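In: Okay, here's the prediction I keep looking at, along with the sequence it came from:
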Amino acid sequence: MSSLQVLDLSGNTISGKLPSCFSSLPLVHVYLSQNKLRGSLEDAFHNSFELITLDLSHNQLTGNISEWIGEFSYMSFLLLGYNNLEGRIPIQLCQLDKLSFIDLSHNKFSGHILPCLRFRSSIWYSYLRIYPDRYLIREPLEITTKSVSYSYPISILPIMSGMDLSCNNLTGEIPPEIGNLNHIHVLNLSNNFLIGPIPQTFSKLSEVESLDLSNNSLTGAIPPGLVQLHSLEVFSVAHNNLSGRTPDMVPQFSTFNKSSYEGNPLLCGPPLSRNCTPEEEASPLPVRTSTDDIEESGFMDADVFYVSFVVTYIVMLLVTAAILYINPNWRRAWFYFIKQSINNSY
């Protein structure tokens, strides 16, 4: 099948190794998830330079990710989760500048998180519009986000982006450069052996909807700037060694319960039952006492917003009514305008 571009055999019970002949085919999209495939990736796709989608998740693959992975210059979705892959995450992945989603979860990867990973820019969208028949996603993909696995339809996948490295043996600190991935929607680094603080740069993840750093050995305070992540729907730093005060209970953080913070004995403040001491209260959080501070921070307390909106609305109604009562000419003009509007509506 020398012209084969799309191969979908997912959701079967196919066993055995990946054949080396795949590398001689002009494959663009490969869906082989949820089978019983064994062996390594060494020879399977090393010449498939036009691959955009490679979904080998939920199999029994072993070995390392080969260095030739960096030659897939069009790779957008790389899903290798739920296998038995091991070794270090190859630095060649940093050459893939058109990535949308990478899932290496539930494997045995070790070493550090790569600080040089890049994700798709707006240029890739333009490229897809020029060559729609060949390069558009052909099948839905199952992606775990917000702690649940979803089958994302074709219409949603072009705007979906993220990284799932959970449930591995990764060590070291979280690179601050990860905070520069401000277009991703999902970031899951849970269930590893990560140490050090949560990078302050995470406050720049402006589009992230799910952020899971739970079950590691992270230390230090939770950056107060995380309250600027207004798209955040799922958040967890549970079961680490974090200390200090929890973030302000402002949207979106007012929606997160104590399960997001449990397992950190030195954390204090709502929604946890442990109250902060005066020293903990004073340490990491900035105090906003003026309107200028609120404007610069980019958000306002929800209660303050609602009260001010209602008061302003009532005042405007009263002022308008007073003006119409005092000035009969304006009053007649107003009622004439209302009458004409009603006639036009009919």
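Out: On my side now, so go ahead.

In: ok, now how distant is the nearest residue to Asn241 once chain neighbours are set aside from Gly179?
Out: For Asn241, ignoring the flanking residues on the chain, the nearest one in space by C-beta to C-beta, 6 or more residues apart in numbering is Thr219 at 4.9 Å. Quick note: C-beta positions are derived from backbone N, CA and C, even for glycine. Between Thr219 and Gly179 the computed distance is 18 Å (C-beta to C-beta, to the nearest Å).

In: Listing request: residues of this structure with sub-threshold pLDDT.
Out: 121-141, 144-158, 280-306, 346 (pLDDT under 70).

In: what separates the longest helix seen in it from the chain centre, distance-wise?
Out: Longest helix in the chain by number of residues (criterion: DSSP state H): helix 302-326. The chain centroid and the centroid of helix 302-326 are separated by 40 Å, computed with C-alpha atoms, centre = their mean, to the nearest Å.

In: Over to stretch 18-33?
Out: With C-alpha atoms, centre = their mean, you get 29 Å for stretch 18-33.

In: Buried residues, that stretch. List them.
Out: By 16 or more other C-beta atoms under 10 Å, the buried positions in stretch 18-33 come out as 18, 22-23, 25, 27-33.

In: Out of the residues you listed, which comes closest to Asp103?
Out: Within the buried residues of stretch 18-33, proximity to Asp103 (C-beta to C-beta) peaks at Ser33, which comes in at 10.3 Å.

In: and the gap between Leu114 and Ile89?
Out: When Leu114 is compared with Ile89 (using C-beta to C-beta), they lie 6 Å apart.

In: the more surrounded of these two?
Out: Neighbour comparison, Leu114 and Ile89: the larger count goes to Ile89, with 24 against 19 (by other C-beta atoms under 10 Å).

In: how close does the more buried one get to Asn169?
Out: 11 Å.

In: Next, count neighbours for the spatially closest residue to Glu233 that is not a sequence neighbour.
Out: Excluding the flanking residues, the one nearest Glu233 by C-beta to C-beta, 6+ apart is Glu209, at 5.0 Å. Neighbour count for Glu209, taken as other C-beta under 10 Å: 19.

In: how distant is the strand or helix carrying Tyr336 from the center of its chain?
Out: Per DSSP states H and E, Tyr336 falls inside helix 328-345. On the basis of C-alpha atoms, centre = their mean, helix 328-345 sits 52 Å off its chain's mean C-alpha point.

In: With just CA atoms, put it into CSV.
Out: Below are the C-alpha coordinates for helix 328-345, written out as CSV (Å, rounded to 0.1, in the frame of the first residue of the first chain):
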residue,chain,number,x,y,z
PRO,A,328,-40.8,68.5,30.7
ASN,A,329,-39.3,69.0,27.2
TRP,A,330,-36.9,66.1,27.7
ARG,A,331,-39.7,64.0,29.2
ARG,A,332,-41.9,64.5,26.1
ALA,A,333,-39.0,63.7,23.8
TRP,A,334,-38.3,60.5,25.8
PHE,A,335,-41.8,59.3,25.7
TYR,A,336,-42.0,60.1,22.0
PHE,A,337,-38.8,58.1,21.4
ILE,A,338,-40.3,55.1,23.3
LYS,A,339,-43.5,55.3,21.3
GLN,A,340,-41.7,55.4,18.0
SER,A,341,-39.5,52.5,19.1
ILE,A,342,-42.6,50.4,19.9
ASN,A,343,-44.3,51.3,16.6
ASN,A,344,-41.1,50.3,14.7
SER,A,345,-41.0,47.0,16.5
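
In: Ile113 and Ser166 touch, don't they?
Out: No - contact criterion C-beta atoms under 8 Å: Ile113 and Ser166 do not qualify, at 11.6 Å.

In: okay, and the common contacts of these two?
Out: Common contacts of Ile113 and Ser166 (C-beta atoms under 8 Å, 6 or more residues apart in numbering): Leu189.
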